[in-house]
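Student: with the input below, show me the fold.
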Amino acid sequence: MKKVITPIAITAADSNSRTITGRIVTFEETGNASIGKVQFAKNSIEATPVLLNLEHDRTRRIGKTLSIESNDKGIDATFKIAETTAGNDALVEAAEGLRDGFSVEVYFDEYETLKDGTVRILKGEMTGVALTSEPAIRSARVESVAATEGETEISDSTIEPEAQPTEGEDEVEDTVKDASTAETVEAAQSVTAAAKPAVGGWTSKPRLEFTAAKYLENTVRASMGDENARQYVAAADDTTDNAGLVPTRQLTEVINGLANTTRSNIDAISRGVLPDAGMSFEIPKITTMPTVAATSEAGTPSETDQAAAFVTVNVAKYAGQQTFSVELLDRTSPLFFNELLTNMAAAYAKATDTAVNAALISGATADGTTIATYPTAAELLGFVSRGAASVYAGTQGFARNLIANTSQWANLMTLNDSGRPIYNASQPSNAGGVVRPDSIRGNVAGLDLYVTANTAATADADGSMLIVNPAAYTWYESPTYRLRADVIASGQVSVMVYGYGAIATKIGAGAFKFNKA
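Tutor: The predicted structure follows:
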């Protein structure tokens, strides 16, 4: 991404108009925020007057909108900077490229989630802009720091005051698509349960660079009353007796081989939206069909009353919590919070997917023919044929998917029928396909393969392979939510990620499971 260079250098002597101009948001460009990737759709935000703050700290106001306009590419704005110490510093930092990024703060009501997990905001309300050293959208940069006169300021009366969270209140964030419970993406500050949630850019907050030269510079600035420099020196003194003369570099790369957000079991069945109330719900199910039979002339027609019952589906809550110190939140990289939420989302995915796998195994019809732990090609084809017939007989619908754990997957890749692989990761025209160990999706004897590591069964147990009619099972799920609470007494922050889900076994004969000999 090309960085826009600030064209005019500013000092306290020539900053007559005290303005900063640039793009505050770019449409259709992906950026990183506290929940991950975020993108603003074209014209998703209305250009309205807002206040400018430093690094999303709403207690550090440095300016207000002088002009703002929206175009096809994004929103451009000019801000009048206050004649304060912080305002003077901001002008210099923007001019010298030290703090030359913009991050827009938006309340949003409508969004969609793209295949790669990017949250694409469709409609939002802009509530503020931050001058940052690392914006959420890479192209949201300061373009110029002007020193001209004659601009007309927008009156303070056009700017609505923002609701601030009160001390000790719980802060609630969620991922639904309506105004009352919209997703929160704000990096440095969230809103109270009574306010609409917001989206704000990624604030950089990197680890402090402790070097001898930097330490000396900030010691001098601190003696002259610079608060930022004083905090730097305090942090350096607390870190080591010889303030980072030989610093240890830490990369932003995070190694994680423990989890991902793949939910193969849920993907292999149908999906539904969870009802908005209650910890259980009912689905009507036909239990007796009316009958039709050959009838003689003037004879009495066949008559059987249709009957129905209700399938009760129980709703379960899936939740996880992390508690950490405010020091860890304040004095470390934002990458920590991002990675924490990513891993909690992965743990949520694993818990829900494993629950669905257990329900499928529990309700499945066991194969009447036992097979060796890892079947041969002929045994596997027999298992598929028996399963397809059983599912069709029990549901009047077709078996379409095969769920296998990783051990069975490893065996599937070795099997062939007269030289043609049974497992096809791809299906070229008029060919047997190829075997690819990097694909957890493929085709086995005409069934779509879903490989899962989230299984309730051991590697070689009954149910390690399942043949499924996806219409016979439905996973109902709410959006996921995040609850944050500050524990004032201990100086800690608790974050909980939770959601509600229910697996409905609509037709028990809709799954057919492997029966180990």
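Student: okay, now the unreliable bits of the stretch 301-450 of the chain?
Tutor: By pLDDT under 70, the low-scoring segments of the stretch 301-450 of the chain are 332-335, 425-440.
Student: then the stretch 151-300 of the chain?
Tutor: For the stretch 151-300 of the chain (pLDDT under 70), the answer is 151-221, 223-224, 231-252.
Student: mind running it again at 80?
Tutor: 151-259 (pLDDT under 80).
Student: I'd guess D353 is in a strand, am I close?
Tutor: No: the assignment for D353 (DSSP: H, G, I helix; E, B strand; the rest coil) gives helix, which keeps it out of a strand.
Student: can you map out the helices along the chain?
Tutor: 85-95, 212-223, 227-239, 264-267, 326-330, 334-363, 377-395, 406-412 (DSSP state H).
Student: ranking those by burial, who's on top?
Tutor: helix 264-267 (a mean of 23; mean count of other CB atoms under 10 Å). All C-beta atoms are positioned from the backbone trio N, CA, C, and that covers glycine.
Student: dump it to CSV, restricted to CA.
Tutor: C-alpha atoms of helix 264-267 as CSV (Å, rounded to 0.1, in the frame of the first residue of the first chain):
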residue,chain,number,x,y,z
SER,A,264,-17.1,-29.5,9.2
ASN,A,265,-19.9,-31.3,11.1
ILE,A,266,-22.1,-28.2,11.1
ASP,A,267,-21.3,-27.6,7.4
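Student: against which helices or strands is it packed?
Tutor: helix 334-363, strand 447-452 (3 or more CB pairs under 8 Å, 6 or more residues apart in numbering; DSSP states H and E).
Student: and those as CSV, adding distance to A410?
Tutor: Formatted as CSV, the helices and strands packed on helix 264-267 follow (distance: least, CB to CB, whole Å):
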stretch, distance to A410
helix 334-363, 18
strand 447-452, 10
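Student: S385 is nearest to which of these?
Tutor: Evaluated over the helices and strands packed on helix 264-267, closeness to S385 peaks at strand 447-452, with 10.9 Å, by CB to CB.
Student: sorry, back to before: out of the helices of the chain, nearest to I20?
Tutor: Nearest to I20, of the helices of the chain and by CB to CB, is helix 85-95 at 5.3 Å.
Student: so which other helices or strands are in contact with that closest one?
Tutor: By 3+ CB pairs under 8 Å, 6+ apart, helix 85-95 packs against strand 19-26, strand 57-70, strand 74-81, strand 142-146.
Student: ok so, going back, looking at the helices of the chain, which is nearest to G299?
Tutor: Between the helices of the chain, helix 377-395 lies closest to G299; by CB to CB that is 30.8 Å.
Student: need the contact partners of that closest one.
Tutor: 365, 367-369, 371-372, 375, 397-399, 402, 412, 415-417, 422, 444-447, 465, 467-469, 471-472, 507-512, 514 (CB atoms under 8 Å, 6 or more residues apart in numbering).
Student: for the residue lying closest to L340 once chain neighbours are set aside, give me its contacts.
Tutor: Using CB to CB, 6 or more residues apart in numbering and skipping residues adjacent in sequence, the residue nearest L340 is Q322, 6.0 Å away. If you count contacts by CB under 8 Å, 6+ apart, Q322 has them with 340, 344, 494-496.
Student: beta partners for Q322?
Tutor: V495 (DSSP bridges).
Student: what about D305, how many residues close to it?
Tutor: D305: 8 surrounding residues under other CB atoms under 10 Å.
Student: relative to P375, how far out is it?
Tutor: 45 Å (CB to CB, to the nearest Å).
Student: next one: K123
Tutor: 53 Å.
Student: so which of the helices and strands packed on helix 85-95 is nearest E110?
Tutor: Closest among the helices and strands packed on helix 85-95, using CB to CB: strand 19-26, at 16.4 Å.
Student: how far off helix 85-95 does the closest one point, in degrees?
Tutor: 70 degrees (axes from the mean of the first three to the mean of the last three CA atoms, to 10 degrees).
Student: make 511 the first number, not 1, from now on.
Tutor: Sure thing, new numbering starts at 511, so read that last one as strand 529-536.
Student: partners of strand 529-536 in the sheet?
Tutor: strand 584-591 (antiparallel), strand 652-656 (antiparallel).
Student: ok, of those strands, where does mean pLDDT dip lowest?
Tutor: With a mean of 59, strand 652-656 has the lowest mean pLDDT of these.
Student: tally of neighbours for L768?
Tutor: L768, neighbours per other CB under 10 Å, totals 9.
Student: also F791?
Tutor: Around F791 there are 17 residues (other CB under 10 Å).
Student: I figured it was touching T984, is that so?
Tutor: No: F791 is not in contact with T984 according to CB atoms under 8 Å; the separation is 11.5 Å.
Student: excluding its backbone neighbours, what's nearest R570?
Tutor: L564 (4.3 Å).
Student: gap between that neighbour and A640?
Tutor: If you go by CB to CB, the gap between L564 and A640 works out to 7 Å.
Student: tell me which of these two has more neighbours.
Tutor: A640 (29 against 23).
Student: ok so, going back, E620: which of the helices of the chain is closest?
Tutor: helix 844-873 (21.3 Å).
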